[in-house]
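Trainee: My questions are about this predicted structure, shown below with the sequence.
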Amino acid sequence: MSETVKQFFAELESKVDPAKTAGMNNSYVFDVDGAGQWTVRVNDGQVKVNEGVEQADVTISASADTFERIANGQQNPTTAYMTGKLKVKGDMGAAMKLQKLF
């Protein structure tokens with residue numbers, strides 16, 4: 001399970017459509033229980049992923065199972081948030097922009 005999450009973050013920089021993230025300037029920490037922690041910075045179309053926790057606008061926490069289901073489209077992120085499976089701390093406006101990454 002955690003290998004799939006690690007692979008997602010390893011491939012994220014090359015998979016994001018720069019046109020979708022143009023004008024977006026936010027940073028996110030993903031704390032995926034059982035898989036690891038990553039900081040994702042979006043700077044006007046450019047996406048940079050670093051393993052570990054850095055200062056960010058938003059921290060998103062989920063289990064590896066929940067994260068994997070969201071990443072592959074099997075789980076609606078809003079539903080996951082509403083049911084407590086996905087936790088968001090920080091700038092909710094920035095969190096809502098995450099839909100552009102997936």
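Mentor: Perfect, I can see it now.
Trainee: if I look at the residue nearest the centre of the chain, how far off is Gln99?
Mentor: What sits nearest the mean C-alpha location of the chain, by Cα atoms, centre = their mean, is Phe30, with 5.5 Å. Look at Phe30 and Gln99: by Cβ to Cβ, to the nearest Å, they are 15 Å apart. For glycine as for every other residue, the C-beta is placed from the backbone atoms N, C-alpha and C.
Trainee: Thr4 now?
Mentor: For Thr4, the distance to Gln99 equals 20 Å [Cβ to Cβ].
Trainee: Compare neighbour counts for those two and give me the winner.
Mentor: In terms of neighbours (other Cβ atoms under 10 Å), Thr4 is the more surrounded of Thr4 and Gln99; the figures are 14 against 10.
Trainee: contacting residues around the more buried one?
Mentor: Residues in contact with Thr4, defined by Cβ atoms under 8 Å, 6 or more residues apart in numbering, are Ala64, Glu68.
Trainee: The residue lying closest to Gly52 once chain neighbours are set aside sits in which helix or strand?
Mentor: With sequence-adjacent residues excluded and distances taken as Cβ to Cβ, 6 or more residues apart in numbering, Gly52 is closest to Gln37, at 6.0 Å. If you go by DSSP states H and E, Gln37 is part of strand 36-43.
Trainee: Residues contacting that strand, please?
Mentor: Among residues not part of strand 36-43, those counted as contacts by Cβ under 8 Å, 6+ apart are 2, 5-6, 9, 12, 21, 24-32, 47-54, 56, 97, 101.
Trainee: No further queries at this time; thank you.
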